[in-house]
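S.K.: everything below, folded, please.
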Amino acid sequence: MLKEIKCDKFAPDHHTIYFNSGLNTVLGSTGGSNAIGKSTFLWIIDYVFGGESYCSLTGDIKKEIGSHTIYFKFEFDGQPYYFYRSTDDPKNVYQSDKEHHFIAKLSLEDYRRFLFQEYKIGLPALSFSDIIERFFRIYGRENTLEKYPLLVKPREQDEKAVDFLLKLFGHYKILISIKSMEEELGIKASQLKNRQRQKVDIEKIESNKKAIESLKKRLQKLMKNSEEAQLAMFGFDTQTFERISAVQKDLNSFIRKRNRLQSELNAILSNIPDSKANTESEFNSLANFFPNANIKAFAEIEHFHVRIREILGEEMDQEINRLQPLIREYDKEINRLNRKIEESGIAKEMSERVLSQCVNVSKSIDRLEEETSELVHQKELQDARAEAEQKLEKLLLQQSEKIGEIQDDINSRMELINRVVTEKQETAPLLYVSPQKDIIFETPGNTSEGTAFKSLVVYDLSILELRPVPAIIHDSNILKRIEDVHLEHILERYQSTKSQVFIAFDKADSTTENAHRILEETAILRLSDGNELFGRSWSKYKSND
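M.R.: Got it, this is the predicted structure:
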């Protein structure tokens, strides 16, 4: 927690301010004087917690008293940490020892991460400043509107404030999942129900598939039909058909005979005996291994084999000489018949017609397959999108359930706190968040200003008690509008909390006796006319006397 703040520019009596756990009050004078430094000091506390508004909202301070450095001390788990931060270098925070000797330079973000870690917030979807800016309610900041306690500024969308609550209550993963699905679908979740869905014509896919199957069969038939069937298919006259058929029949007969003779010739050529076998060296090698072998007998047998091969070779040569002229004659006749068919022009015309038909059928198949592929792809995208939309709808339902749980937790705690604050005399504020993330915050049956500010404080206290909020700040413009009897119990609640609460208040003696006692006991800084934070007020009229 924050333990102390000091600054050389403060008035001597306020040079060092020490803090306690629970309630810490910046107490103004009985007369309720302004321009004495109450809100300014709250801005300094914000500055110590990593805020940036102190320099931008208090330009007059630098103008009047010049640049200055704020020194401060935190303590976590019994360990003190000393820092300082200069108005001339607001983007950095410097760690030091107790005597303010420099140890390390931290960027503002690194310093905030340090506080985030030491306060054990443990909510990775939020930054330290995300939390602080909503619960440090200081005059001049836009989060002090009593009717909109969830908004960090009046122009903030309700959805952003609800998302903050989801993160604060540890449900950030569902937000990430929804955002991911929205990016995948290219639409916001709020547009899901009103989106017009285009449906793919499934019947067209099926009819295309049937047409493709039929065309493929036709193409296969065109490519495999006999020439006679092709001639008939393309409408040649009967005489032409008969003449070409006769020629084709003769041609086929000659081709079969020629092929049979060629096969016989190939068989003979592959079986011509080798009459040049060298057996003499082989027999000599045999004698080396078998000295008693009858080499002469082997030689006579081999001589008989040679003679047989010579006779067979002569017969084969005669058969070759007979077959080759016949094959040549058949080749001549086949060439003649081919020329006859070619000269008729029918074969060429038939081929062109077959080719044209094949091309047309193939183009039709390609077109239908491309169209069907696109339809199937669209169907797949449609199915995938439908599945993604179902997932998104499921996530939205889960989100609504989580919002309902958060809403119930906050309302239950506000009911508990309000019962104590109003002594069970008034209704508690109610928070309602719609599934579309619209926020309604009201106190049923009571629209008075005092009740509205009391409800704002009750809301902050409920969050402080439910979630890891490091501290809250309530300026006097919030508290002075609350009825005295309610304020007394709010101060008691402040005082009993485990976290630090920083408030500014004046006219302490105008409250109840118990409230006055609490304000006096918890005062860490007392300011008044002539006892300002910086020793003087430059907003007062200066007389020439």
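S.K.: now Asp46, nearest residue through space, not along the chain?
M.R.: Phe136 (5.1 Å; Cβ to Cβ, 6 or more residues apart in numbering). All C-beta spots, glycine's among them, are computed from the backbone N, C-alpha and C.
S.K.: show the contacting residues for the one you found.
M.R.: Leu42, Ile45, Asp46, Phe49, Gly51, Asn143, Ala471, Ile472, Ile473 (Cβ atoms under 8 Å, 6 or more residues apart in numbering).
S.K.: kindly report the same for Leu456.
M.R.: So Leu456 contacts Arg137, Glu146, Pro149, Ile478 (Cβ under 8 Å, 6+ apart).
S.K.: pick the one among those residues closest to Leu430.
M.R.: When the contacts of Leu456 are ranked by distance to Leu430 (Cβ to Cβ), Pro149 comes first, at 12.2 Å.
S.K.: and that closest one, how close does it get to Tyr82?
M.R.: Counting by Cβ to Cβ, to the nearest Å, the separation of Pro149 from Tyr82 is 35 Å.
S.K.: same thing with Leu375?
M.R.: 71 Å.
S.K.: more neighbours: those two, which one.
M.R.: Tyr82 (19 against 16; other Cβ atoms under 10 Å).
S.K.: which parts of the helix or strand hosting that one are buried?
M.R.: Assigned by DSSP states H and E, Tyr82 falls within strand 79-86. Residues of strand 79-86 classed as buried by neighbour count (16 or more other Cβ atoms under 10 Å): Tyr81, Tyr82, Phe83, Tyr84, Arg85.
S.K.: bridged to the last one, which residues?
M.R.: The one in question is Arg85. Beta bridges link Arg85 to Ile70 when assigned by DSSP bridges.
S.K.: which residues touch it?
M.R.: Applying Cβ under 8 Å, 6+ apart, the residues contacting Arg85 are Tyr47, Val48, Thr69, Ile70, Phe72, Asn92, Val93, Tyr94.
S.K.: quick one: it and Leu106, what's the gap?
M.R.: With Cβ to Cβ as the criterion, Arg85 and Leu106 are 10 Å apart.
S.K.: also the fourth one?
M.R.: If you measure Tyr84 against Leu106 using Cβ to Cβ, the figure is 11 Å.
S.K.: again, but for the third one
M.R.: Distance, Phe83 to Leu106, using Cβ to Cβ: 8 Å.
S.K.: for the second one, same thing?
M.R.: Here the criterion is Cβ to Cβ. By it, Tyr82 lies 12 Å from Leu106.
S.K.: which residues are in contact with both of the two?
M.R.: Residues touching both Tyr82 and Leu106 (Cβ under 8 Å, 6+ apart) are Gln95.
S.K.: ok, back up a step: let me know the closest of the contacts of Phe136 to Leu368.
M.R.: Asn143 (64.5 Å).
S.K.: that closest one is in contact with Leu150, isn't it?
M.R.: No: with contact defined as Cβ atoms under 8 Å, Asn143 does not count as touching Leu150 (9.4 Å).
S.K.: without its sequence neighbours, what residue ends up closest to Arg137?
M.R.: Thr144 (4.9 Å).
S.K.: which residues does the one you found contact?
M.R.: Arg137, Ile138, Asp475, Asn477, Ile478.
S.K.: now with 10 Å?
M.R.: Thr144 is in contact with Arg137, Ile138, Phe453, Leu456, His474, Asp475, Asn477, Ile478, counting by Cβ atoms under 10 Å, 6 or more residues apart in numbering.
S.K.: JSON lines please, covering those and showing pLDDT.
M.R.: Shown next, in JSON lines, are those (pLDDT from 0 to 100):
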{"residue": "Arg137", "pLDDT": "96"}
{"residue": "Ile138", "pLDDT": "94"}
{"residue": "Phe453", "pLDDT": "95"}
{"residue": "Leu456", "pLDDT": "96"}
{"residue": "His474", "pLDDT": "97"}
{"residue": "Asp475", "pLDDT": "95"}
{"residue": "Asn477", "pLDDT": "91"}
{"residue": "Ile478", "pLDDT": "94"}
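S.K.: flag every buried residue along stretch 365-385.
M.R.: Ile365, Leu368, Thr372, Leu375, Arg385.
S.K.: quick check: the fourth one is in a helix.
M.R.: So that's Leu375. Yes: counting by DSSP: H, G, I helix; E, B strand; the rest coil, Leu375 is found in a helix.
S.K.: quick check: pLDDT value at the residue nearest to Asp46.
M.R.: What the model reports for Phe136 is a pLDDT of 96.
S.K.: and if you look at Ser373?
M.R.: Per-residue pLDDT puts Ser373 at 81.
S.K.: and it, what is it in contact with?
M.R.: Ile205, Asn208.
S.K.: for it, give its distance to Ala386.
M.R.: In terms of Cβ to Cβ, Ser373 sits 20 Å off from Ala386.
S.K.: same question, Leu416
M.R.: Leu416 is 45 Å from Ala386, by Cβ to Cβ.
S.K.: more neighbours, these two?
M.R.: Leu416 (15 against 11).
S.K.: is Thr25 in a helix, a strand, or coil?
M.R.: Looking at Thr25 with three-state DSSP, the answer is strand.
S.K.: and what of Lys3?
M.R.: strand.
S.K.: for it, the count of nearby residues, please.
M.R.: Neighbour tally, Lys3, other Cβ under 10 Å: 16.
S.K.: over to Ala504?
M.R.: Residues near Ala504, counting by other Cβ under 10 Å: 26.
S.K.: which SS state does it fall under?
M.R.: Three-state assignment for Ala504 (three-state DSSP): strand.
S.K.: how about it, nearest residue that isn't a chain neighbour?
M.R.: Nearest non-adjacent residue to Ala504 (Cβ to Cβ, 6+ apart): Lys38, at 4.0 Å.
S.K.: what does Glu442 give?
M.R.: Per Cβ to Cβ, 6+ apart, closest to Glu442 is Leu430, 6.2 Å.
S.K.: hmm, that neighbour is touching Pro444, no?
M.R.: Yes: using Cβ atoms under 10 Å, Leu430 makes contact with Pro444 at a distance of 6.3 Å.
S.K.: more neighbours: which of these two?
M.R.: Leu430 (16 against 9).
S.K.: what about the more buried one, distance to Gln390?
M.R.: For Leu430 relative to Gln390 (Cβ to Cβ), the value is 33 Å.
S.K.: ditto for Glu52
M.R.: Distance from Glu52 to Gln390, by Cβ to Cβ: 44 Å.
S.K.: more neighbours: these two, which one.
M.R.: Glu52 (14 against 10).
S.K.: skip the chain neighbours and tell me the closest residue to Leu165.
M.R.: Ile406 (5.5 Å).
S.K.: surely that neighbour touches Lys437?
M.R.: No: assessed by Cβ under 10 Å, Ile406 is found out of contact with Lys437, at 11.7 Å.
S.K.: what do those two both touch?
M.R.: Joint contacts of Ile406 and Lys437 (Cβ under 10 Å, 6+ apart) are Val162, Leu165, Leu166.
S.K.: wait, the first one sits on Tyr432?
M.R.: Which is Val162. No: under the criterion of Cβ under 10 Å, Val162 is not in contact with Tyr432, lying 11.2 Å apart.
S.K.: show me the residue at the heart of this structure, geometrically.
M.R.: Ser180 (4.1 Å; Cα atoms, centre = their mean).
S.K.: got the contact list for that one?
M.R.: Lys391, Leu392, Leu395.
S.K.: the first one: what's it in contact with?
M.R.: Put plainly, it is Lys391. Ser177, Ile178, Ser180, Met181, Glu184, Leu185.
S.K.: now with 8 Å?
M.R.: Met181.
S.K.: on that earlier part again, mind putting the contacts of Ser180 into TSV with pLDDT and secondary structure?
M.R.: Shown next, in TSV, are those (pLDDT from 0 to 100; DSSP: H, G, I helix; E, B strand; the rest coil):
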residue	pLDDT	secondary structure
Lys391	81	helix
Leu392	77	helix
Leu395	84	helix
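S.K.: from those residues, pick the one nearest Asp529.
M.R.: For the contacts of Ser180, the nearest to Asp529 is Leu395 (58.4 Å; Cβ to Cβ).
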